[in-house]
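*Asks:* Starting from these lines, generate the structure:
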Amino acid sequence: MKGVILDADSLGDADLSPITSLLDHWAVYSDTSEMDIDKRVEAADVVLTNKINLSAKTINNAKNLSYISILATGTNNVDLIAARDKAIAVSNSQGYSTASVVQHTLSLILNLVTQMPRYLSDVKTGLWQRSNVFTRLDHPISELDGKVLGIIGYGELGSNVARIAEAFGMRVLIAKRDATVFDTSRYSFEDLLPQVDVLSLHCPLTDANEHMINQESLKLMKPTAFVINTARGKLVNSLDLISALEQGIIAGAGIDVLDSEPPQQDDVLTSAAARLDNLFVTPHNAWGARESRIRLIQQTRENILGHISGNMLRVVN
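*Replies:* The predicted structure is shown next:
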């Protein structure tokens, strides 16, 4: 049985041997260009992909393919219907990065409310050393205790962010999944936004919520509020966010996901982050703690063993 890993570099320096010890032969590629996908998948029995697209054409052209395991939770890069029609099972990985993403989300929030990057810069540039008093308070610091966190997407990630935020003394408000459903414990999008000091996104991207954070929704928020996005880039209209930050409509934002990744050199958000002190952009690495990647590889190993034994795990099609 032959296996192929199409984009091993997406896992960093993680040890792949728990996976590559399973089959007779593995072809491990650091990355795969669009023109090479069909050729590399064509003779494989098992294909592992993180973000490389497996289209209906690729799946239909594969001669021996019997199993696909996605090295992530999201499944939008694999044509699940084409795989199902060819009786090819597709599995993903689930819950492996919860602790890492929650930690990163809170890190973005904490860096914004403490102005940590700006104060670190003040030390590096010698500003503190030239101070006439013992401290520097040039940039406004605020406490999370007593503040309101709004969460859109209250699944495993959102609920765990809420749990940690409550430990900081924050009050958590949860957005309704469907505004038409009567639920007094949750808030409509429009009712939620004016109340929150921090808005954190943890929902999947759909046609209905693309660019849900835009000029109109940002204007509903407090001028002291922060937006955090560790979910999907297209939930936020980048140009509208930048404009809101520049005009003081909101106080700041922490972004880990972009519309296109890796971004071009002239990407609007990364370019804006280079000049705006109230915009932090991290390179889609909220998920990437070493422990998370170890769990991801272990789940993938379990997925492949399940395929071999006929006891399928985490099947998404």
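*Asks:* Let me see the ranges of the strands in the stretch 101-250 of the chain.
*Replies:* 148-152, 171-174, 198-201, 226-229 (DSSP state E, counting those that start in this stretch).
*Asks:* CSV please, covering those and showing distance to Asp183.
*Replies:* For glycine as for every other residue, the C-beta is placed from the backbone atoms N, C-alpha and C. CSV is the format used below for the strands of the stretch 101-250 of the chain (distance: least, Cβ to Cβ, whole Å):
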stretch, distance to Asp183
strand 148-152, 14
strand 171-174, 9
strand 198-201, 19
strand 226-229, 23
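*Asks:* Please tabulate these in TSV, including the columns mean neighbour count.
*Replies:* Supplementary listing: the strands of the stretch 101-250 of the chain in TSV, determined by neighbours: other Cβ atoms under 10 Å:
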stretch	mean neighbour count
strand 148-152	24
strand 171-174	18
strand 198-201	27
strand 226-229	27
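*Asks:* how about TSV for those, with distance to Ile141 and mean pLDDT added?
*Replies:* Below are these laid out as TSV (distance: least, Cβ to Cβ, whole Å; pLDDT from 0 to 100):
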stretch	distance to Ile141	mean pLDDT
strand 148-152	18	98
strand 171-174	20	98
strand 198-201	15	98
strand 226-229	13	98
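*Asks:* Among the ones you listed, which comes closest to Thr125?
*Replies:* When the strands of the stretch 101-250 of the chain are compared by Cβ to Cβ, strand 226-229 sits nearest Thr125, at 24.9 Å.
*Asks:* And that closest one, how far out from the chain middle?
*Replies:* Offset of strand 226-229 from its chain centre (Cα atoms, centre = their mean, to the nearest Å): 13 Å.
*Asks:* For the nearest residue to Phe280 once chain neighbours are set aside, report the pLDDT, please.
*Replies:* Here the nearest residue to Phe280 in space, its sequence neighbours aside, is Gly254; by Cβ to Cβ, 6 or more residues apart in numbering that works out to 4.6 Å. pLDDT for Gly254: 98.
*Asks:* report the longest helix in the protein, please.
*Replies:* Taking DSSP state H as the criterion, the chain has its longest helix at helix 290-309.
*Asks:* For it, buried residues please.
*Replies:* For helix 290-309, the buried set under the neighbour-count rule, 16 or more other Cβ atoms under 10 Å, comprises 292-293, 295-297, 299-304, 306-307.
*Asks:* out of those, what pair is the most spread apart?
*Replies:* Spanning the widest gap among the buried residues of helix 290-309 are Ser292 and His307, at 22.8 Å by Cβ to Cβ.
*Asks:* Do I have it right that Lys63 meets Ala44?
*Replies:* No: if you go by Cβ atoms under 8 Å, Lys63 and Ala44 don't touch, sitting 9.0 Å apart.
*Asks:* Going by how many neighbours each has, rank those two and give me the top one.
*Replies:* In this view Lys63 and Ala44 are compared by other Cβ atoms under 10 Å, and Ala44 has more residues nearby, 25 against 9.
*Asks:* sorry, back to before: please tell me I have it right and the residue nearest to Phe280 contacts Asn111.
*Replies:* Yes: Gly254 is within contact range of Asn111, at 7.0 Å (criterion: Cβ under 8 Å).
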